[in-house]
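*Asks:* with the sequence up front, the predicted model follows.
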Amino acid sequence: MSQPADRLDRRSFLRNTGAAAATAGVVAGAISQTAKSYGRVIGANDRIRVGFIGAGGMANAHMDTYNDIKEANNVEAVAVADCWKTRAEDGARKVSAPHSYTDYHKVLDHDEIDYVTIATPEHWHWTMTIDALDAGKAVYCEKPMTHTIPQAQAVWKKQKETGLPLQVGVQAMSDDSYASAAEAIRDGELGQVVQAQIEYVRRYGEQGPWRNPDITDDTAQPEDLNWNDWLGDAEKIDWNPHHYFEWRNYSAYSGGICTDLFIHRITRIMKACDLLYPRRVVGMGGIWQWPDGRDLPDNFEMICEYPRGMTVYVLGTMSNRVGVDHLIRGYRGTLYFTNTGWTIKDKDGKVLREHKKTGGEDTHLHHTNLQNHLRNGEPLNCPVQLGMAGVVAVNMANESWRSGRMMAWDKENEQMVPADTLPIDYYPEDNA
């Protein structure tokens, strides 16, 4: 599938992300997009009006964030949409929005709305994001940016066409640790970087990942829920309470551990090491502990090889919460991420450089960053390019797991393919 956006090699990405910007005390390198491209330029003191698409679990967390920052940030909720009418109405009451709908297009019909927050199952992200951009709205879209790579390419194309901002909800990008780590690496503190490791581990109870003990096969469909609308372009099936309430376990709507959890972690390493698309990816794991009808693994790990000449390992067991250190290895030293920032040590343990972070993995900061971008063009902490790179990596890992083959990125045709169909150069690429 040809990528409908301009090609972007790692070095041009690095140049474009080198600038630092303050966001409520957060410094973050990001790709700048101009506020002058909006249909309505927002002044520094203008009220920003928002809409919410989705009113479920994560959406409620965004609504809580909105309530926390609405006065200080001068924002106002206009409308909430959800295909479950009760949820839409509850959400509207929560944020004191005057309008609630079961059709999200009606939120987009409000000319006064400046941006929408999309917090829905993954399979809906691309359609809603494209529709919002077509309607002239900026977008805050929960991670992953899309469910598939072609969908991400379509979103990037639309974002390029409209020039409207798209903030991807990888909230850790509002922690300056990763942009500052990239600066230290560019300064040569680690020497040649060769490897990174990170994890997202949990220990679930008897129900297993993303199961709700209150949901059974007999759980009835709410009378005011439009099931067909929720399914969208997924396969049309009869009402299934597990698919609706526990959708992260099913590949029709989610990528499971990879797209729901790993996207947070791999994006951190991408930001710190100036990475875009992997060269090769392996995904391994299985449905090892909870064979309950899910079709996505309950324990998983991935290894990505990047053309700059390094690998990234991500651990993701859902059966044990003992993790691994989050670190980046170089020839000269090792960068250790900590709760307070990061420390670089040489081979003998001598501290070469330290950083005390500002910000954090925080929806308040991430929304504030988008709002500041709307008002004054402040660089976005997680723009479309970084969202696209994350989608590519985690989809390659999932496809490797499904197919039993190592996957590779075909640069010429801009798509993932089995790795054994491409010639592999075992040397770093000059433009990687």
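*Replies:* On my side now, so go ahead. Numbers count the residues shown, from 1 in each chain.

*Asks:* wait, a helix at residue 365?
*Replies:* Yes. Secondary structure of residue 365 (DSSP: H, G, I helix; E, B strand; the rest coil): part of a helix.

*Asks:* what about it, neighbour count?
*Replies:* 23 (other C-beta atoms under 10 Å). Glycine gets a C-beta too; all of them are placed from N, C-alpha and C.

*Asks:* again with the one 5 residues further on
*Replies:* For residue 370, the count of nearby residues is 26 (other C-beta under 10 Å).

*Asks:* which one is it nearest to, not counting chain neighbours?
*Replies:* residue 167 (4.3 Å; C-beta to C-beta, 6 or more residues apart in numbering).

*Asks:* so which helix or strand takes in the one you found?
*Replies:* Per DSSP states H and E, residue 167 falls inside strand 166-169.

*Asks:* centre of the chain versus that strand, how much separation?
*Replies:* 7 Å (C-alpha atoms, centre = their mean, to the nearest Å).

*Asks:* ok, longest helix in this structure?
*Replies:* helix 384-403 (DSSP state H).

*Asks:* in that one, what's buried?
*Replies:* Buried residues in helix 384-403, defined by neighbour count with 16 or more other C-beta atoms under 10 Å: 384-401.

*Asks:* okay, the residue with the largest distance to the centre of the chain and residue 197: tell me how far apart.
*Replies:* Centroid-distance maximum for the chain: residue 348 at 36.4 Å, with C-alpha atoms, centre = their mean. With the distance defined as C-beta to C-beta, to the nearest Å, residue 348 ends up 21 Å from residue 197.

*Asks:* one more: residue 364?
*Replies:* Distance from residue 364 to residue 197, by C-beta to C-beta: 29 Å.

*Asks:* one more: residue 99?
*Replies:* With C-beta to C-beta as the criterion, residue 99 and residue 197 are 47 Å apart.

*Asks:* out of these two, which sits in the busier spot?
*Replies:* Taking neighbours as other C-beta under 10 Å, residue 99 and residue 197 compare with residue 197 leading, 19 against 16.

*Asks:* circling back: tell me the strands beside the strand holding residue 167, with direction?
*Replies:* Applying DSSP bridges, strand 166-169 is found paired with strand 138-142 (parallel).

*Asks:* who touches the partner strand?
*Replies:* Contacts with strand 138-142, where a contact means C-beta atoms under 8 Å, 6 or more residues apart in numbering, come from 38, 58, 62, 114-120, 125, 128-129, 132-133, 164-169, 366-367, 370, 374, 387.

*Asks:* number of residues surrounding residue 364?
*Replies:* For residue 364, using other C-beta under 10 Å, the count is 19.

*Asks:* hmm, it is touching residue 70, no?
*Replies:* No. Residue 364 sits out of contact with residue 70 when judged by C-beta atoms under 8 Å, with a separation of 11.0 Å.

*Asks:* how close does residue 283 sit to residue 344?
*Replies:* For residue 283 relative to residue 344 (C-beta to C-beta), the value is 30 Å.

*Asks:* oops, could you answer that again for residue 101 instead?
*Replies:* On the measure of C-beta to C-beta, residue 101 and residue 344 end up 51 Å apart.

*Asks:* please apply the same query to residue 267.
*Replies:* Taken as C-beta to C-beta, the span from residue 267 to residue 344 is 21 Å.

*Asks:* using the three-state scheme, assign residue 305.
*Replies:* strand.

*Asks:* which strand residues bridge it?
*Replies:* residue 280, residue 311.

*Asks:* isn't it up against residue 313?
*Replies:* No. Contact criterion C-beta under 8 Å: residue 305 and residue 313 do not qualify, at 10.5 Å.

*Asks:* neighbour-wise, which of these two wins?
*Replies:* The neighbour count for residue 305 versus residue 313, taken as other C-beta under 10 Å, is higher for residue 305 (20 against 15).

*Asks:* contacting residues around the more buried one?
*Replies:* Residue 305 neighbours (C-beta under 8 Å, 6+ apart): 278-281, 311.

*Asks:* ok, now residue 74?
*Replies:* Here residue 74 is in contact with 45-48 (C-beta under 8 Å, 6+ apart).

*Asks:* repeat that for 6 Å
*Replies:* Neighbour list for residue 74: residue 47 [criterion: C-beta atoms under 6 Å, 6 or more residues apart in numbering].

*Asks:* so what pLDDT did it get?
*Replies:* Note for residue 74: predicted pLDDT of 97.

*Asks:* lowest confidence element among the helices and strands of this structure?
*Replies:* Between all helices and strands in the chain, the lowest mean by mean pLDDT, DSSP states H and E belongs to strand 26-29, at a mean of 30.

*Asks:* tilt between the next helix or strand after it and strand 138-142?
*Replies:* Using DSSP H and E, the next helix or strand after strand 26-29 towards the C-terminus is strand 48-53. Computed by axes from the mean of the first three to the mean of the last three C-alpha atoms, to 10 degrees, the angle separating strand 48-53 from strand 138-142 equals 40 degrees.

*Asks:* quick check: next helix or strand after strand 48-53?
*Replies:* In N-to-C order, the element after strand 48-53 by DSSP H and E is helix 57-73.

*Asks:* which strands and helices sit next to the next helix or strand after that following helix?
*Replies:* Following helix 57-73 in sequence order, the next helix or strand is strand 75-81 (DSSP H and E). When contacts are defined as 3 or more C-beta pairs under 6 Å, 6 or more residues apart in numbering; DSSP states H and E, strand 75-81 sits against strand 48-53, helix 85-95, strand 99-101.

*Asks:* same thing but at 10 Å, please
*Replies:* Counting contacts by 3 or more C-beta pairs under 10 Å, 6 or more residues apart in numbering; DSSP states H and E, strand 75-81 packs against strand 48-53, helix 57-73, helix 85-95, strand 99-101, helix 105-108, strand 115-118, helix 363-376.

*Asks:* let's have those in TSV, adding distance to residue 352.
*Replies:* Putting the helices and strands packed on strand 75-81 into TSV (distance: least, C-beta to C-beta, whole Å) gives the following:
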stretch	distance to residue 352
strand 48-53	42
helix 57-73	37
helix 85-95	47
strand 99-101	55
helix 105-108	50
strand 115-118	41
helix 363-376	28
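
*Asks:* quick one: stretch 234-241 to chain centroid distance?
*Replies:* 26 Å.

*Asks:* stretch 128-138 too?
*Replies:* 18 Å.

*Asks:* one more: stretch 268-288?
*Replies:* Using C-alpha atoms, centre = their mean, the offset of stretch 268-288 from its chain centre is 13 Å.

*Asks:* so which residue is dead centre in the protein?
*Replies:* Within the chain, and using C-alpha atoms, centre = their mean, the residue nearest to the centre is residue 143, at 3.1 Å.

*Asks:* ok, that one touching residue 390?
*Replies:* Yes. Look at residue 143 against residue 390 with C-beta atoms under 10 Å: they come within range, at 7.3 Å.

*Asks:* perfect, that will be all.
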